[in-house]
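Asker: this is a predicted model, with the sequence first.
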Amino acid sequence: MPLVRIDTLRAGPERLAAIGRAVHDALRETLGIPPDDRFQILRDHDGTSGTLRYDDYLGVSRDEGIVYVAITLRSGRTPARKQALYRRIAELAQAYAGTEPRNVFVALTENESADWSLGEGMAQYLDVPADTA
């Protein structure tokens, strides 16, 4: 069960929703996340009361089309699977929302099964294999 936070700058509700769909589809395709396992926090900043900052770090030229994607999930994926996820998110964000791949910034944070409670005050993943969430 990944928890996904997506932040955009003046994207509007339709584009923000399309990016959320792109990330979920990429997680399903590359990591095998179940279709109904969608937990997302989507936030569009207006540039006045809230904004995003970015530079051209590591030679990647970003602009106001920047999309920050933060994904928290249980540990256990190989670097190759993570790379496939990053690539697929960028491809689908471009296809669904017109976001240029250079503007897709993804950060993964991994944790362990005991770090999740999906409700009811329980740590449901303690008895579930790590590669399913």
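Answerer: Great, that's in hand.

Asker: got any ranges where the protein has weak pLDDT?
Answerer: Along the chain, the model assigns pLDDT under 70 to residues 128-133.

Asker: how about the strands in it?
Answerer: Applying DSSP state E to the chain gives strands spanning 3-9, 40-45, 67-74, 104-111.

Asker: in a markdown table, list these along with mean neighbour count.
Answerer: To be clear about C-beta, it is placed using only N, CA and C from the backbone, and glycine gets the same treatment. Shown next, in a markdown table, are the strands of the chain (neighbours: other Cβ atoms under 10 Å):
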| stretch | mean neighbour count |
| --- | --- |
| strand 3-9 | 20 |
| strand 40-45 | 15 |
| strand 67-74 | 21 |
| strand 104-111 | 16 |
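
Asker: so which of these is nearest Tyr86?
Answerer: Of all the strands of the chain, strand 104-111 sits nearest to Tyr86, with 5.2 Å by Cβ to Cβ.

Asker: now the closest one against strand 67-74, angle please.
Answerer: Strand 104-111 runs at 20 degrees relative to strand 67-74, counting by axes from the mean of the first three to the mean of the last three Cα atoms, to 10 degrees.

Asker: pull the distance from strand 104-111 to the chain's centre.
Answerer: 7 Å (Cα atoms, centre = their mean, to the nearest Å).

Asker: as CSV, the strands of the chain with distance to Tyr86 would be great.
Answerer: Formatted as CSV, the strands of the chain follow (distance: least, Cβ to Cβ, whole Å):
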stretch, distance to Tyr86
strand 3-9, 14
strand 40-45, 17
strand 67-74, 9
strand 104-111, 5
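
Asker: please identify which of those is closest to Val60.
Answerer: strand 104-111 (8.6 Å).

Asker: which elements pack onto the closest one?
Answerer: strand 67-74, helix 79-97 (3 or more Cβ pairs under 8 Å, 6 or more residues apart in numbering; DSSP states H and E).

Asker: dump these to JSON lines, plus distance to Ser61.
Answerer: Shown next, in JSON lines, are the helices and strands packed on strand 104-111 (distance: least, Cβ to Cβ, whole Å):
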{"stretch": "strand 67-74", "distance to Ser61": "15"}
{"stretch": "helix 79-97", "distance to Ser61": "15"}
